[in-house]
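In: Here is my input, please return the structure:
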Amino acid sequence: MRVAIPTDGKRGLEDTVAEHFGRAKKFLIYDTETKIYNIYSNPEVSGEAQLPPDFLHNQGVDIIIVFSLGPMAYNKFKNYNIKTYKAIPGSIFENIKKFEEGNLGELKEEDIF
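Out: Numbering: from 1, shown residues only. Modelled structure (predicted):
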């Protein structure tokens, strides 16, 4: 399973989750089977025409962990069958661990704005 998390840092799993999904500088994509991750630039922030949900879908992402989403991004993820989970304050590593333990909830209506 491939999990994507928005981040503004360069320290990999030690970075924190970006506050705003669409304005995040990077996306860390973590493979839960191989335990390997890659960091990609957010195509929208770097001036490319591709929207982040489309980019993450093309990267084979199954899950995204975020604090909140706008309605357009949320609907795109829903249409791509990419599940959206609510991030907790802390590092990307902590969020992945909580997800793998089943301790992160899916985004709720109040997280979409």
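In: what are the ranges of the helices in the chain?
Out: Assigned by DSSP state H, the chain shows helices spanning 52-58, 71-79, 92-100.
In: can you list these in a markdown table and add distance to residue 29, mean pLDDT and mean neighbour count?
Out: No exception for glycine: its C-beta is placed from N, CA and C like everyone else's. Below are those laid out as a markdown table (distance: least, C-beta to C-beta, whole Å; pLDDT from 0 to 100; neighbours: other C-beta atoms under 10 Å):
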| stretch | distance to residue 29 | mean pLDDT | mean neighbour count |
| --- | --- | --- | --- |
| helix 52-58 | 8 | 98 | 20 |
| helix 71-79 | 14 | 97 | 16 |
| helix 92-100 | 11 | 98 | 19 |
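In: got the CA coordinates for stretch 34-51 in CSV?
Out: Provided in CSV are the C-alpha atoms of stretch 34-51 (Å, rounded to 0.1, in the frame of the first residue of the first chain):
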residue,chain,number,x,y,z
THR,A,34,8.8,-2.4,1.4
LYS,A,35,9.1,0.4,4.1
ILE,A,36,10.8,2.6,1.4
TYR,A,37,9.8,6.2,0.8
ASN,A,38,10.4,8.8,-1.9
ILE,A,39,9.9,12.5,-1.7
TYR,A,40,8.4,14.4,-4.7
SER,A,41,7.8,18.1,-5.4
ASN,A,42,4.2,19.2,-5.3
PRO,A,43,3.6,19.8,-9.1
GLU,A,44,1.1,22.7,-8.4
VAL,A,45,3.6,24.6,-6.2
SER,A,46,6.4,24.0,-8.7
GLY,A,47,4.4,25.6,-11.5
GLU,A,48,3.3,22.4,-13.4
ALA,A,49,-0.2,22.1,-14.7
GLN,A,50,-0.9,18.8,-12.9
LEU,A,51,-3.1,19.0,-9.8
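In: quick check: mean pLDDT across it?
Out: For stretch 34-51, mean pLDDT is 93.
In: chain center to that stretch: distance?
Out: On the basis of C-alpha atoms, centre = their mean, to the nearest Å, stretch 34-51 sits 10 Å off its chain's mean C-alpha point.
In: Give me the buried positions along that stretch.
Out: 37, 39, 42, 43, 44, 51 (16 or more other C-beta atoms under 10 Å).
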